[in-house]
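S.K.: would you be able to build a 3D model of this:
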Amino acid sequence: MIVVNDEDFSQICADIEGPVGTPYENGLFRMKLALSHDFPHSPPKGYFMTKIFHPNVASNGEICVNTLKKDCNPSLGLRHVLSVRSFTLVSFHFFDQIT
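M.R.: As a prediction, this is how the structure comes out:
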């Protein structure tokens with residue numbers, strides 16, 4: 001579920017269900033996407049508001065992926081940025097490497 005404040009489009013919140021077959025299965029994770037005043041010319045910042053253990057999520061909840069950092073491109077648009085939320089939880093191969 002994605003929630004956008006009609007009065008302030010710079011803050012987008014989403015509740016993400018943990019994908020089946022991942023360590024996050026049956027979990028519900030709240031995420032916030034902060035768009036700057038010059039988006040899409042500068043990348044947004046993504047945060048998990050729910051505490052989560054993931055190699056691409058900092059201890060403060062900031063999502064650390066290139067799509068939201070150096071690879072951000074104005075032509076990608078908001079739809080692409082929102083797809084990062086799913087990618088972050090689905091592409092967690094850390095457990096595969098240690099088991």
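S.K.: now the nearest residue to Pro74 once chain neighbours are set aside: which helix or strand?
M.R.: Computed as Cβ to Cβ, 6 or more residues apart in numbering, the closest residue to Pro74 that is not its neighbour in sequence is Pro40, at 4.2 Å. For glycine as for every other residue, the C-beta is placed from the backbone atoms N, C-alpha and C. Pro40 is part of no helix or strand, with elements assigned from DSSP states H and E.
S.K.: so what's Val4 bridging to?
M.R.: Ile12 (DSSP bridges).
S.K.: go ahead and confirm it touches Ile12.
M.R.: Yes - with contacts counted by Cβ atoms under 8 Å, Val4 reaches Ile12, the gap being 5.3 Å.
S.K.: more neighbours: those two, which one.
M.R.: Ile12 (21 against 13; other Cβ atoms under 10 Å).
S.K.: neighbours of the residue nearest to Pro74, how many?
M.R.: 17.
S.K.: ok, now how distant is it from Gly27?
M.R.: Look at Pro40 and Gly27: by Cβ to Cβ, to the nearest Å, they are 30 Å apart.
S.K.: ok, and the helix or strand in this structure with the lowest average confidence?
M.R.: helix 94-98 (a mean of 42; mean pLDDT, DSSP states H and E).
S.K.: any low-confidence regions in the chain?
M.R.: 66-72, 80-99 (pLDDT under 70).
S.K.: make it 80
M.R.: Counting by pLDDT under 80, the chain contains low-confidence ranges at 1-5, 65-99.
S.K.: which stretches in the protein count as strands?
M.R.: 2-5, 8-17, 28-34, 45-48 (DSSP state E).
S.K.: reformat the ones you listed as CSV; add distance to Ile63.
M.R.: Below are the strands of the chain laid out as CSV (distance: least, Cβ to Cβ, whole Å):
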stretch, distance to Ile63
strand 2-5, 15
strand 8-17, 11
strand 28-34, 8
strand 45-48, 4
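S.K.: looking at the ones you listed, which is buried most?
M.R.: Each of the strands of the chain was scored by mean neighbour count; the highest is strand 45-48, a mean of 19, by mean count of other Cβ atoms under 10 Å.
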